[in-house]
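J.: My questions are about this predicted structure, shown below with the sequence.
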Amino acid sequence: MKPFVFFDLGQTLVSEWDFIDHFDQKFLELLNGFGARIDMKNYRAVRDSIIRDRKIGHGSVRELTIEVCGAVLPSGYGEPIVRRMDHAVKEGRRTLFRFADGAEQTLKQLSEKCELGIIANQSEDIVALLQSSGLDGYFRVKTISGAVGLKKPDPEIFALALKEAGRGAKDCIMVGDRLDTDICPANRLGMKTVRVTDSLFALQEPREQCEQAKATVSKLTQVPAAVDKMTG
């Protein structure tokens with residue numbers, strides 16, 4: 001039986017660097033409009049510290065926005081700025097998300113020896129990117145939080161994906177960028193894990209044994225070689 005490889009989407013299969021630049025610019029403009037008086041270098045230092053210290057928990061853009069506001073503005077500005085950022089975030093997701101360099105090559109190479117799936121914390125709009133890319137056909141299982149009402153690191157979203165794949169955890173590999181939502185929960189279930197560090201979440205450092213990935217790669221295109229070593 002072929003091994004089953006599950007992928008995270010954001011900052012793993014999907015490159016978000018253009019979106020992050022777009023978000024940072026819009027957010028910085030708003031922060032300074034509300035009186036923050038901070039430049040991009042210092043904003044990014046605050047942002048990176050929040051990610052490194054895991055102050056956003058398992059969240060992402062909304063939680064990050066609130067934490068940065070709390071660090072550089074008086075209290076009470078977080079929610080208004082989240083609302084003001086909503087259009088820029090949605091537009092950026094729609095126009096700037098793209099599959100990472102080498103994604104098709106990686107999926108084609110893996111599909112020759114493995115079955116493929118997705119376990120991702122994303123809203124359902126990500127389906128349009130999957131379909132328009134023509135890469136959705138590589139995935140037998142697509143477990144997306146916005147569609148199933150569960151979010152990583154909840155073990156139930158992994159259990160749902162495993163059930164749909166018809167596999168036990170020990171026969172599966174999880175590929176993702178976050179130690180807290182990808183690597184740790186997959187390891188705890190008995191899956192093998194590959195961490196991709198082409199991500200803002202490369203700032204995370206392991207805090208417990210379950211956050212130690214079996215393999216770590218710097219680029220998506222290195223995933224097939226890592227999977228070969230695990231399954232060969």
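T.: Alright, I've got the coordinates.
J.: Spatially nearest residue to the residue lying farthest from the centre of the chain, not counting backbone neighbours?
T.: When each C-alpha in the chain is compared with the mean C-alpha position (Cα atoms, centre = their mean), Gly35 comes out farthest, at 31.3 Å. In this structure, Gly35 finds its nearest non-sequential neighbour in Leu73, 6.9 Å apart by Cβ to Cβ, 6 or more residues apart in numbering. (Each C-beta comes from the backbone N, C-alpha and C, glycine too.)
J.: Point out the other helices and strands that the host helix or strand of Thr106 packs with.
T.: Secondary-structure assignment from DSSP states H and E places Thr106 in helix 103-111. Counting by 3 or more Cβ pairs under 8 Å, 6 or more residues apart in numbering; DSSP states H and E, the packing neighbours recorded for helix 103-111 are helix 223-231.
J.: If we use 10 Å, what do you get?
T.: Where contact means 3 or more Cβ pairs under 10 Å, 6 or more residues apart in numbering; DSSP states H and E, helix 103-111 is packed against strand 4-7, strand 115-120, strand 139-144, strand 172-176, helix 223-231.
J.: C-terminal to the second one, which secondary structure element comes first?
T.: What that stands for is strand 115-120. Next element after strand 115-120 (DSSP H and E): helix 126-133.
J.: I'd like the distance between the residue nearest to Gly35 and Ser218.
T.: The gap separating Leu73 from Ser218 is 35 Å, by Cβ to Cβ, to the nearest Å.
J.: between these two, which one's more packed in?
T.: Taking other Cβ atoms under 10 Å, Leu73 and Ser218 do not tie; Leu73 has more neighbours (17 against 11).
J.: List the residues that contact that one.
T.: Neighbour list for Leu73: 30-31, 34-36, 38, 81 [criterion: Cβ atoms under 10 Å, 6 or more residues apart in numbering].
J.: Next, give phi and psi for it.
T.: phi -130, psi 160 (degrees, to the nearest 10).
J.: Among the contacts of Leu73, name the ones in helices.
T.: Applying DSSP state H to the contacts of Leu73, the entries found in helices are 30-31, 81.
J.: Most neighbours out of these, which is it?
T.: Leu31 leads the ones in helices among the contacts of Leu73 on contacts (other Cβ under 10 Å) with 21 neighbours.
J.: That one and Cys69 touch, don't they?
T.: Yes. Counting by Cβ atoms under 10 Å, Leu31 touches Cys69, with 7.3 Å between them.
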